[in-house]
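> Build me a model:
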Amino acid sequence: MTLGERIRELREEKRFTQSELAKEANVDFTYISKLENNKIVKGRGPGSEVIKRISKALFNSISYEPLYEELMLLAEKIPETYEKAILDNKEVFLRSYQKDTRSLFNLIKHTIDRKKGN
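Coordinates of the predicted model:
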């Protein structure tokens, strides 16, 4: 599933129009349309602040964080919580990377899974 497909799915579940979501997220409705139709050029997708506003608008709760993380990953961006987990354990990550990239990937996945369990 793409970021745009997920946003559309969630928007339709909330019964929002693109304009309503755009207003709640403080973006132009044409931007929501471009996102949903995968018309945003790769590498020029929404930044973390825009994704956070969209997540808050769609989830409409203090607990929007899981949706935010999901949308960030769909946008091929690293959520701040994951970044922090990696940086808090940077020595371990650097040692693993020197061994091989597969070990590093497994360590990152383990750290992320542990963080989500908290």
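
> can you map out the helices along this structure?
Under the criterion DSSP state H, the chain carries helices at the ranges 3-14, 18-25, 29-36, 48-59, 65-74, 80-88, 90-99, 101-117.

> May I see these organised as a markdown table, with mean pLDDT added?
Shown next, in a markdown table, are the helices of the chain (pLDDT from 0 to 100):
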| stretch | mean pLDDT |
| --- | --- |
| helix 3-14 | 94 |
| helix 18-25 | 96 |
| helix 29-36 | 94 |
| helix 48-59 | 91 |
| helix 65-74 | 85 |
| helix 80-88 | 78 |
| helix 90-99 | 69 |
| helix 101-117 | 66 |
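
> Could you dump these into CSV and include mean neighbour count?
Every residue, glycine included, has its C-beta placed from N, CA and C. Conversion of these to CSV gives the following (neighbours: other CB atoms under 10 Å):
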stretch, mean neighbour count
helix 3-14, 17
helix 18-25, 18
helix 29-36, 19
helix 48-59, 20
helix 65-74, 18
helix 80-88, 14
helix 90-99, 12
helix 101-117, 13
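
> how far out from the middle of the chain is stretch 35-43?
Taking CA atoms, centre = their mean, to the nearest Å, the mean C-alpha location of stretch 35-43 is offset from the chain mean by 14 Å.

> Does Leu73 touch Thr81 like I think?
No - counting by CB atoms under 8 Å, Leu73 stays clear of Thr81, with 11.4 Å between them.
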